[in-house]
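[1] generate a structure from the sequence data that follows.
(one chain, ligands or ions: 1)
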Amino acid sequence: MAIDPNHAIVFGAAGLLGWSVVNQLLSNYPSADSFSQVTAVINRPVSEPDLHLPKPSPERPGFQVVSGVNLLQGTGDDLAGQLKDKVPSAEKITHVFYFVFSALNDDHIQECRINCEMMQRVADALNIVSPALKSFVYSGGTRGYGIYVPGGTFKAPLEESLADQLPEDYAGCAYPLFRRILTKASHGRDWTWTEVCPDAVIGFSPNGSGFSLALHWAQYLSLYAYNHGIRAGSGQRVEVPFPGCEEALDSKFAPVSSKILGRISIHAAMNPDTCGGKVVNMADDEQPTTFRHIWPAAASWFGLVGVGPSNDAGALKPGAYVAKYKHVFGENGRHKAVACGVGAGAAQLDSVGWWLTFDRQLSLKRLRALGFEERRNPVEGWLEAFEQFRDAGIIL
Ligand SMILES: NC(=O)c1ccc[n+]([C@@H]2O[C@H](COP(=O)([O-])OP(=O)(O)OC[C@H]3O[C@@H](n4cnc5c(N)ncnc54)[C@H](OP(=O)(O)O)[C@@H]3O)[C@@H](O)[C@H]2O)c1
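    The predicted structure is shown next:
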């Protein structure tokens, strides 16, 4: 059978979303002959075994990791030169997946500016390097539906048409600007963009992640269980209160697991005629879930009993708890766990249980109309991520 000469390049490939897409590409989604080459572009170097991706096999697409590409620096021309030097067959790149994000918590306007500049650099470079480009998939998020405003901005289920109706004073959100940059960059060319839009993304990342709720809670719950004497076969009953309030426990949302996110991104990339120029929501299931459902299942994986909020005002939030007991990882030989936790997003992730007190589930009508039918029980994604973190030595 002739192999399709598709060459996918993934920027931010060691991050939460980028890794999810590389993992699915190397797992031969949608089929073994879909991509002949996959290039993972990363900033901070990670060895290939430490990426925990599918092992080489006759069916796996050709794979290369290109590290040390800092997108904050230089011009589009400079980046084009770097890609030509470092990426084999750069001129044959057909599909771009862009999942880079640089956080500047104290200044959302400046954060938006630097992220737009990185996006512009990548679009400019690819227009120079890759005449075969067909599609450019990148991530938006529910921030683009105004969920950073207390109580939310729009009534759920959140539909894609709302993304262009954000109030003028909702500053610091890059996604509408990304759409403008890519519309302009693709004008008169043979490629188009798709903005895939998740709410919380639940999955593995090999090198830490800025805003991974699953990683944040996995490190917290693993230390909490250890500190409370939970060991294999100990049979103790130890409760762990939900880090938040009752309203947040019951508000509806629709998370997406790594596997479904990777697959939807690839589906969008391979169908530019129908998915191009669109925002497309992504989630495991159109049926929303709640933390009242997720929390006990997550806690139980660590041998704990997840219960509702506690009245202990002095209880440490997960971020402070992990910071206080991080040395326990090292004492138990999990040195990677110290470096590979959440970064800039710890405080925001701590506030999830108090701030997200409103329904924010995504509508999946457009996704289904575009032909993506796979669905998954959202709990599975959490448990799968915990197993991967444990295998990689990122939790106890
Ligand atoms: N996390 C979620 O639940 C979630 C939900 C909705 C939307 N999103 C969106 O998804 C996108 C990706 O987020 P994520 O959660 O995957 O973040 P992440 O895990 O922190 O990954 C971000 C990636 O960007 C790379 N990066 C940062 N600065 C860079 C630079 N100067 N040059 C090159 N690469 C750089 C990082 O590499 P280094 O660490 O090596 O610099 C990292 O691999 C963001 O737009 C985010 O808003 C995320």
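
[2] check whether L104 really touches G172, as I assumed.
    No. Between L104 and G172 there is no contact under CB atoms under 8 Å: 9.7 Å. All C-beta atoms are positioned from the backbone trio N, CA, C, and that covers glycine.

[3] okay, strands next: where are they in the stretch 1-150 of the chain?
    Listed in chain order, the strands of the stretch 1-150 of the chain (DSSP state E, counting those that start in this stretch) span 7-11, 37-41, 62-66, 95-98, 135-139.

[4] now the ones you listed in TSV, with distance to the ligand, mean neighbour count and mean pLDDT?
    Below are the strands of the stretch 1-150 of the chain laid out as TSV (distance: least, CB to the nearest ligand atom, whole Å; neighbours: other CB atoms under 10 Å; pLDDT from 0 to 100):
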stretch	distance to the ligand	mean neighbour count	mean pLDDT
strand 7-11	7	26	98
strand 37-41	8	25	98
strand 62-66	11	17	98
strand 95-98	9	27	98
strand 135-139	4	25	98
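
[5] could you dump these to a markdown table with distance to I394?
    As requested, the strands of the stretch 1-150 of the chain are exported to a markdown table (distance: least, CB to CB, whole Å):
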| stretch | distance to I394 |
| --- | --- |
| strand 7-11 | 21 |
| strand 37-41 | 19 |
| strand 62-66 | 19 |
| strand 95-98 | 23 |
| strand 135-139 | 22 |
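
[6] enumerate the residues of the chain near the ligand.
    12, 14-18, 42-44, 69-72, 99-102, 139, 141, 198, 200-201, 205, 209-212 (CB under 6 Å from any ligand atom).

[7] shaky segments in the protein?
    Scanning the chain with the threshold set as pLDDT under 70 gives 1-4.

[8] and the residue of it closest to the ligand?
    Taking CB to the nearest ligand atom, the ligand has its nearest neighbour within the chain at G15, 2.1 Å off.

[9] relative to Y98, how far out is that residue?
    To Y98, G15 is 11 Å away according to CB to CB, to the nearest Å.

[10] ok, A171 next?
    Computed as CB to CB, the A171 to Y98 distance reads 22 Å.

[11] looking at the chain, which helix is longest?
    Longest among the helix segments of the chain by residue count, using DSSP state H, is helix 108-129.

[12] angle of that helix against strand 135-139?
    Using axes from the mean of the first three to the mean of the last three CA atoms, to 10 degrees, the inter-axis angle of helix 108-129 relative to strand 135-139 is 160 degrees.

[13] pull out the buried positions in helix 108-129.
    108, 111-112, 114-115, 118-127, 129 (16 or more other CB atoms under 10 Å).

[14] can you check stretch 148-162 too?
    Applying 16+ other CB under 10 Å to stretch 148-162 flags 148, 152-154, 156-160, 162 as buried.

[15] that one: end-to-end distance?
    15 Å (CA to CA, to the nearest Å).

[16] who touches that stretch?
    Residues from elsewhere that reach stretch 148-162 (CB atoms under 8 Å, 6 or more residues apart in numbering): 142, 145-147, 165-167, 170, 173, 197, 252, 278-281, 288, 355, 357-363, 365-366.

[17] how far does that stretch sit from the chain's center?
    From the chain centre to the centre of stretch 148-162 is a distance of 20 Å (CA atoms, centre = their mean, to the nearest Å).

[18] ok, now stretch 175-182?
    19 Å.

[19] in that stretch, what counts as buried?
    Result for stretch 175-182 [16+ other CB under 10 Å]: buried residues 175-176, 178-179, 181-182.

[20] pull stretch 153-161 out as PDB, backbone CA atoms only.
    Taking C-alpha atoms only, stretch 153-161 is exported to PDB below (Å, rounded to 0.1, in the frame of the first residue of the first chain):
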ATOM      1  CA  THR A 153     -19.800  35.300  30.500                       C
ATOM      2  CA  PHE A 154     -22.100  33.100  28.400                       C
ATOM      3  CA  LYS A 155     -24.700  30.600  29.300                       C
ATOM      4  CA  ALA A 156     -23.700  26.900  28.800                       C
ATOM      5  CA  PRO A 157     -23.600  24.800  26.700                       C
ATOM      6  CA  LEU A 158     -20.900  27.000  25.100                       C
ATOM      7  CA  GLU A 159     -21.200  27.000  21.300                       C
ATOM      8  CA  GLU A 160     -18.400  28.100  18.900                       C
ATOM      9  CA  SER A 161     -20.400  31.100  17.600                       C
END
